[in-house]
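Peer 1: here is the input, now give the coordinates:
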Amino acid sequence: MGQYYGPLCTKKGVSGVVINGVYRDVRPIQELGFPFFSKSYSSRSGKDLVSVDAINVAILVDDSLIEPDNLIFGDEFDVMIIPFGRVKKY
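Peer 2: You can find the predicted model right below:
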């Protein structure tokens with residue numbers, strides 16, 4: 001994920017990205033105001049090192065099961081995952 005994919009995600013209607021790894025181009029993504037969360041950052045490019053395996057499927061990240069309809073909230077310190085079935089409507 002770099003400075004080119006942030007604007008592309010915004011155009012495609014993606015509301016944010018969570019990466020179980022590192023990314024680069026921190027400042028351009030921050031300037032977009034695009035919600036982006038990762039374990040860290042690196043100057044090394046991920047080009048030809050990453051690929052999309054699936055979209056809208058359940059995944060296991062560390063010890064957390066993440067379902068496509070989960071709500072995800074994050075800040076500069078952490079990311080919180082809430083199963084959609086546990087959300088109350090007010």
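
Peer 1: could you use CA atoms for every contact and neighbour count after this?
Peer 2: Fine.

Peer 1: which stretches of this structure form strands?
Peer 2: According to DSSP state E, the chain carries its strands in the segments 17-18, 22-23, 36-37, 40-41, 59-61, 64-66, 71-74, 79-82.

Peer 1: what about stretch 27-42, start to end distance?
Peer 2: Stretch 27-42 has an end-to-end distance of 12 Å (C-alpha to C-alpha, to the nearest Å).

Peer 1: sorry, back to before: make JSON lines out of the strands of the chain and add distance to Asp53.
Peer 2: Below are the strands of the chain laid out as JSON lines (distance: least, C-alpha to C-alpha, whole Å):
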{"stretch": "strand 17-18", "distance to Asp53": "15"}
{"stretch": "strand 22-23", "distance to Asp53": "18"}
{"stretch": "strand 36-37", "distance to Asp53": "19"}
{"stretch": "strand 40-41", "distance to Asp53": "22"}
{"stretch": "strand 59-61", "distance to Asp53": "11"}
{"stretch": "strand 64-66", "distance to Asp53": "15"}
{"stretch": "strand 71-74", "distance to Asp53": "21"}
{"stretch": "strand 79-82", "distance to Asp53": "21"}
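
Peer 1: of the ones you listed, which is nearest Leu49?
Peer 2: With distances scored as C-alpha to C-alpha, the stretch of these nearest to Leu49 is strand 22-23 (11.9 Å).

Peer 1: still on that earlier bit, mean neighbour count, the strands of the chain: which tops it?
Peer 2: Mean neighbour count (mean count of other C-alpha atoms under 10 Å) peaks for strand 36-37 among the strands of the chain, with a mean of 20.

Peer 1: who are the packing partners of that strand?
Peer 2: When contacts are defined as 3 or more C-alpha pairs under 8 Å, 6 or more residues apart in numbering; DSSP states H and E, strand 36-37 sits against strand 17-18.
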